[in-house]
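from the sequence below, what's the structure:
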Amino acid sequence: MIRSELVSMLATDNPDLALKEVERVVDAFFDGISRHLARGGRVELRGFGAFSTRPRTARTGRNPRTGEAVDVDAKHVPYFKPGKDMRARLNV
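Coordinates of the predicted model:
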């Protein structure tokens, strides 16, 4: 599912809300999660899962076009761990 499909589904389920209002709600939701993760926090949605970040160490990578060695800096990457209910729904 992509963001526009989510907005359409929510707008259909809530006919009293305008499409622009639903878009603002979805944007605020994802922006809030992103901001909290950027500060090093963890976001848990009960029954769905938890978003957090994990560190990646610096390494030497390769440019796929030229094969040239490239230094890749250390960074934090987003990580999602599905919740117990989500795993149960997926593995019926």
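
quick one, helices of the protein?
Here the chain has its helices, by DSSP state H, at 3-13, 19-38, 84-90.

turn the ones you listed into TSV, including mean neighbour count.
In this view, the C-beta of every residue, glycine as well, is placed from N, C-alpha and C. Shown next, in TSV, are the helices of the chain (neighbours: other Cβ atoms under 10 Å):
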stretch	mean neighbour count
helix 3-13	13
helix 19-38	13
helix 84-90	11
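
can I get those in TSV with distance to Gly61?
Formatted as TSV, these follow (distance: least, Cβ to Cβ, whole Å):
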stretch	distance to Gly61
helix 3-13	30
helix 19-38	24
helix 84-90	32
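
and Asn63, which of the ones you listed is closest to it?
Closest approach to Asn63 among the helices of the chain is made by helix 19-38 (28.0 Å; Cβ to Cβ).

from the chain's centroid, how far away is that closest one?
Taking the mean of its C-alpha atoms, helix 19-38 sits 11 Å from the chain's own mean (Cα atoms, centre = their mean, to the nearest Å).

that one to helix 3-13, inter-axis angle?
Interaxial angle of helix 19-38 relative to helix 3-13 (axes from the mean of the first three to the mean of the last three Cα atoms, to 10 degrees): 130 degrees.

fine, thanks again, bye for now.
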